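**Q** sequence and predicted structure, then a few things I'm wondering about:
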Number of protein chains: 4
Amino acid sequence: MLNFRISGVIVLLLAGVLGAQTKPRARDLGVPFDGTPGPLNAITDVKGVEVGHTTLISGNGALKVGVGPVRTGVTAILPRGKSSKDGVFAGWFTLNGNGEMTGTTWLEESGFLDGPVMITNTHSVGVVRDAVIAWKVKRGEPDAEDYWWSLPVVAETWDGELNDVNGFHVKPEHVFQALDSAHGGPVEEGNVGGGTGMICHEFKGGIGTASRLLSVKDGGYTVGVLVQCNYGQRDQLRIAGVPVGAEIAQNSFRHDDVGSIIVVVATDAPLLPMQLKRLAKRVPLGLGRTGSYSGNGSGDIFIAFSTANPGAIDGKGVHQIAMLPNQQLNPLFLATVQATEEAVVNALVAAETMTGINNHTMIALPHDQLHEVLKKYNRLTK
Amino acid sequence: MLNFRISGVIVLLLAGVLGAQTKPRARDLGVPFDGTPGPLNAITDVKGVEVGHTTLISGNGALKVGVGPVRTGVTAILPRGKSSKDGVFAGWFTLNGNGEMTGTTWLEESGFLDGPVMITNTHSVGVVRDAVIAWKVKRGEPDAEDYWWSLPVVAETWDGELNDVNGFHVKPEHVFQALDSAHGGPVEEGNVGGGTGMICHEFKGGIGTASRLLSVKDGGYTVGVLVQCNYGQRDQLRIAGVPVGAEIAQNSFRHDDVGSIIVVVATDAPLLPMQLKRLAKRVPLGLGRTGSYSGNGSGDIFIAFSTANPGAIDGKGVHQIAMLPNQQLNPLFLATVQATEEAVVNALVAAETMTGINNHTMIALPHDQLHEVLKKYNRLTK
Amino acid sequence: MLNFRISGVIVLLLAGVLGAQTKPRARDLGVPFDGTPGPLNAITDVKGVEVGHTTLISGNGALKVGVGPVRTGVTAILPRGKSSKDGVFAGWFTLNGNGEMTGTTWLEESGFLDGPVMITNTHSVGVVRDAVIAWKVKRGEPDAEDYWWSLPVVAETWDGELNDVNGFHVKPEHVFQALDSAHGGPVEEGNVGGGTGMICHEFKGGIGTASRLLSVKDGGYTVGVLVQCNYGQRDQLRIAGVPVGAEIAQNSFRHDDVGSIIVVVATDAPLLPMQLKRLAKRVPLGLGRTGSYSGNGSGDIFIAFSTANPGAIDGKGVHQIAMLPNQQLNPLFLATVQATEEAVVNALVAAETMTGINNHTMIALPHDQLHEVLKKYNRLTK
Amino acid sequence: MLNFRISGVIVLLLAGVLGAQTKPRARDLGVPFDGTPGPLNAITDVKGVEVGHTTLISGNGALKVGVGPVRTGVTAILPRGKSSKDGVFAGWFTLNGNGEMTGTTWLEESGFLDGPVMITNTHSVGVVRDAVIAWKVKRGEPDAEDYWWSLPVVAETWDGELNDVNGFHVKPEHVFQALDSAHGGPVEEGNVGGGTGMICHEFKGGIGTASRLLSVKDGGYTVGVLVQCNYGQRDQLRIAGVPVGAEIAQNSFRHDDVGSIIVVVATDAPLLPMQLKRLAKRVPLGLGRTGSYSGNGSGDIFIAFSTANPGAIDGKGVHQIAMLPNQQLNPLFLATVQATEEAVVNALVAAETMTGINNHTMIALPHDQLHEVLKKYNRLTK
């Protein structure tokens, strides 16, 4: 029933496992960060979380709406992995709402995220949303004759600077691919998935991730963050507190903080929905450190979920839910701030210079210049 | 690029003008209501508002996912009519969030509704959303090479009791038709548009509308309401305070308030976004009167907009905005409660018995029995 | 340190146990209500809940600010009784915010209510708030040298129609008395406690309560509601769906829905804070039935708490919390709507005609006329 | 009627004009900040805004509850000055709600702040609130026999580390003094008013202020910020992006971000309430820069108001309101972030070492060491 013919679009299925380790990350360049990351320094350090990307890159030169050039994609984050049909407790928060995250009305009401978090471009939210339902239907979930319905969570940032965004190039099968290829382990960063055509602080942006591992005294929990970053003004960019954006001024082209950032926070700490919303509310404290002022054109929307408490979404009986007291949340709050800051910098470090529609080119953050600026301000770790 | 072949689906384009007056409405049956309606007793009494429906009805018998039977559609409400590209101040409110209304994050942040309000079935929200963007692109709005983006407002209720909801039968061209056929004047009610396959208090439901005209002393403003009603338990139904549902118990089949209701409130009073949110918050007071307790499975989501203050969405200069003081809102609040109550009853009165998937039949509210019950409780106006 | 001399004010400590059963309640007058009440048909049907009133009535004739006449008081609702220092999960909701409920910022953030809910008049919220802290300090809670702080929950409605509200007649010792005299069992209704000088639908209003007991199949839980009702326009009053206010028009003196209503919802069902907020959001559906349109001048603020999960507020370890699935909330939603409706009518039935400042007299709802009107509309149960 | 005898408490009425310029501020020490401050670099750069402090310091040595030592006070911010009875459009936002700001339910509903913003200690919120009403009553506002009521805005942070907070030393006359002594011009910072006994990043904290003046191109508007800062963990403190807290580790005594911060944002830009809420939501981006992670114990509550649109609160007629389009808000957002960051640092720089209850001593941020650390990281402006 959902059969589409794809032509003229090269579908790149980046498994993420290959090559992910070969690129340097922010820490490798000597950028100092506080806190202790998990083994992968990625959202997938939270056990069970899987991430899949479909990256669509094709065509060059002048924009022809519906034809290309195409620089876009879809990213899927599955809280318990693609083989689970169980939901998770979740909360969300909007810093500036010039964006979309579908499914949040029910998430707010119910306290649950029942399915994946999808991220794509602004004009493909609809196709991704309905395709998530089709994917669930194919899996017999919801049962096609049962009372069930689905309200998928799909977020976006706008890639019309590089991508033929009005060409609607994301198709249902790209959504299925992102979902079906989701995996644990290292997460591909930069120009991949929903982040393919994104821009951050007027450098090439995209997908970034980081994590923090709490001490045993603080519960030993993990907080993982994944961002699709597309926000920011060059002269505001701060890395490790250093005014990097003001120091690297070339190719600056904006006078505003347009664009957006979607942030996904995962944890294995046993938090209630209201506590997860509190995690999501710490994201701005991390973005403040990297230089966001959350411009009017920005869709800065954050979601947090916990993989603890499996089965809590079930409707039968009375559940026994594990709950970390509010008094113990501080290490998780700090971890969220720190991992958000690092995930943004990781996205900037991983993204590569890209040329898109009408030969617009977005340069990547130059690693050597970043090194020089950090050195100037005595902030290099190596 | 957005070319779809429609086969096996009969598209019914109900212009709404024809026949709308021939069916009796709740007042015609002697149901008492408070307040003074506008000339049409419809949301289109608010000058400029246009409504269009695409109704999809095809097939009979056993459900075959992707084939049918089809009992669904799309309704478009255009605050300033389809020829305007201007936005309106707007606010929204969720009573119970087991539903979707896309675009509300930006609406909440900006205070503006920039485009139509669309209503469809739960699993077609995505296709309708992206199609609204495509419709805007076709009209050169946003300009395909400009920085603009769209975050359309699309709401839903679930029609899987009568419709092949997992068959994804709503296509972009149905969305274009609803938008392009929108008109002022009488509004078709009952089994039309997004309301085609809906159920309300275990009777056949769908689209209903009503309005209130304020006295000159109170400003002479109009409040119009349109509902897509799909909520409610039979034994809870009250009409004009009378326990109609308990008195007409036949064919009751539920034990829960499942389903949902989307309510659109329009006014020409010069209200700020926060004041429009206050209007939306009065909708539950009307639904309380008809017997809602807003069950867990219900998506009870309400949006209110004002057609005053044209041009306020423009980004240039400093605007001079008309604002009705808070102290003068009471007549508008009461009008919203009253028009909501009447719109729900109008939907019940207009809807006709329908047979859908697997030969499920939903009976219409029997007009003669309604008359009898109102008489028993001394509440008939004629 | 908190020693006050009271002179010229007669403090009436109404224990509530005496006489509470002697007055007829709404059901005794033949008013029909849906659902099954608990044994007391009161908020105290929820085990552990205690209610205490301090009623201040003194003076007659012309208003002399600071002297009187005094028609005011304080009501204390203690979720686990006055001997417990444990908190409860809680949520709140505002229908119209022309009022105050202190402590709700932390309640919203933490999910906990840590102390009593107090209700008084608008201009005494401050003294009551600080006195609750003083009462806790006296009990060694928080410890006077420890890090603890208190953010008490105090709500209000405005009694300046009958009471010298700018005379600040409520003193800390009145607060201590309300707290220390709190008790289970029958709850005094009408002109008592915070409700002493209140007006409802232009009849004498005040405190009312009701409860619902769920069937064993639905979990056997109890929902109790207590209202301090001071809202409403005469011609809008509906009782059991019957337009009682329009039928009993004498002594009507308003053209607006001014005033306010505070509603406290208690349950023993194991609900999370977000679920308790959902209960609080059902209150408007009950108020819609009695004829509220929540005027601009109304402070319609509602709080809900659960006595389940003792010890959850403690900061140590990881808690095991009982949680009723969302799918089982419907009977609790309906019970909240029904008990709210009945509590308002109980307040109207219990309140007695009162003369206050400047010889203003507010008549009570005449029981005989209520009976006649219900009979006219065939709605009497006896 | 509100007559209190004050004994054993030395009331320091700091007019703010004297001496305010004699102390160095952060810029004087060579701390770099972005953006252009107004002439006073204070909230009073917004024309009409007046600030008054009552500072209560008395006693030494061991805590005796009700006696002292006393280290507390009250700060009053009057949006249009003490001689005006007009309201202002306002919005608010809570980052972490472990605190109180009364009056916000009506502020959120109405969009107006009708009176001053008061800041005091946690356990004096009530007395300050009722005293604001008494102050209004004394001024004939509201008229003592009229229908008016008041819902004052009073916020707090907790000073129990240095102050006898359970002694309730703030009295109504202190509130009157803060209000009556409010003035334009330079604003006293540090250990004054509500900020007297506060702690920030484990240094002595208190009141701080800063402002930004927008370019003519951006509208020439002013944004002023005043903070009562009492939050933060030492090792998290960043000034101008430099890890100052980690470098100045002596006398660190906490392991948590306890405490709170109240932030008041004023502007003369013609913003609607929803736009002012957006300003308040930018405060966390500034706090993120100074090292907040908004701990569980923190009451981080922010209010923003606009002095434009005088008379908008009036209930008569239809108002013509000036509104700056959303598209022009970015410079105001950035100014809010920048002024918040600087106001916190100004509070730290102005505060002086204080010894309070039980001889607890909080050291001030050592200016010389701050200078050294900034130099080490190449961030000194002079």
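**A** Good, I have the coordinates. Predicted model, so just to flag it, every value in this text is computed and none were measured.
**Q** quick one, strands of the stretch 201-350 of chain A?
**A** Using DSSP state E, counting those that start in this stretch, the strands of the stretch 201-350 of chain A run over A:203-204, A:206-213, A:222-231, A:259-267, A:299-306, A:319-323.
**Q** from the chain's centre, how far out does the first one sit?
**A** Going by CA atoms, centre = their mean, to the nearest Å, the spacing between the C-alpha centre of strand A:203-204 and its chain's C-alpha centre is 16 Å.
**Q** circling back: A:Asp34: which of the strands of the stretch 201-350 of chain A is closest?
**A** Evaluated with CB to CB, the strands of the stretch 201-350 of chain A place strand A:206-213 nearest to A:Asp34, the distance being 9.1 Å. All C-beta spots, glycine's among them, are computed from the backbone N, C-alpha and C.
**Q** so A:His53 makes contact with A:Glu188?
**A** Yes. In this structure, A:His53 is within contact of A:Glu188 by CB atoms under 8 Å, at 5.9 Å.
**Q** need the strands of the stretch 201-350 of chain A in CSV with mean pLDDT and distance to D:Lys204, can you?
**A** Putting those into CSV (pLDDT from 0 to 100; distance: least, CB to CB, whole Å) gives the following:
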stretch, mean pLDDT, distance to D:Lys204
strand A:203-204, 98, 41
strand A:206-213, 98, 31
strand A:222-231, 98, 32
strand A:259-267, 96, 34
strand A:299-306, 98, 34
strand A:319-323, 98, 37
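**Q** so which of those strands is the most packed in?
**A** With neighbours taken as mean count of other CB atoms under 10 Å in any protein chain shown, those reach their highest mean count in strand A:222-231, at a mean of 32.
**Q** what's the angle between that strand and strand A:206-213?
**A** Here strand A:222-231 points in a direction 160 degrees away from that of strand A:206-213 (axes from the mean of the first three to the mean of the last three CA atoms, to 10 degrees).
**Q** hmm, strand A:222-231 touching chain B?
**A** No. Judged by CB under 8 Å from any CB of the partner chain, strand A:222-231 stays clear of chain B, getting no closer than 11.5 Å.
**Q** partners of that strand in the sheet?
**A** Strand partners for strand A:222-231, identified by DSSP bridges, are recorded as strand A:206-213 (antiparallel), strand A:259-267 (antiparallel).
**Q** let's have the strands of the stretch 201-350 of chain A in CSV, adding distance to A:Gln338.
**A** Shown next, in CSV, are the strands of the stretch 201-350 of chain A (distance: least, CB to CB, whole Å):
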stretch, distance to A:Gln338
strand A:203-204, 21
strand A:206-213, 6
strand A:222-231, 9
strand A:259-267, 12
strand A:299-306, 15
strand A:319-323, 24
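**Q** ok, now which ones touch the closest residue to A:Thr336 other than its chain neighbours?
**A** Sequence neighbours aside, A:Arg282 is the residue nearest to A:Thr336 in space, at 4.3 Å (criterion: CB to CB, 6 or more residues apart in numbering or on different chains). Going by CB atoms under 8 Å, 6 or more residues apart in numbering or on different chains, A:Arg282 touches A:333, A:336-337, A:340, D:293-294.
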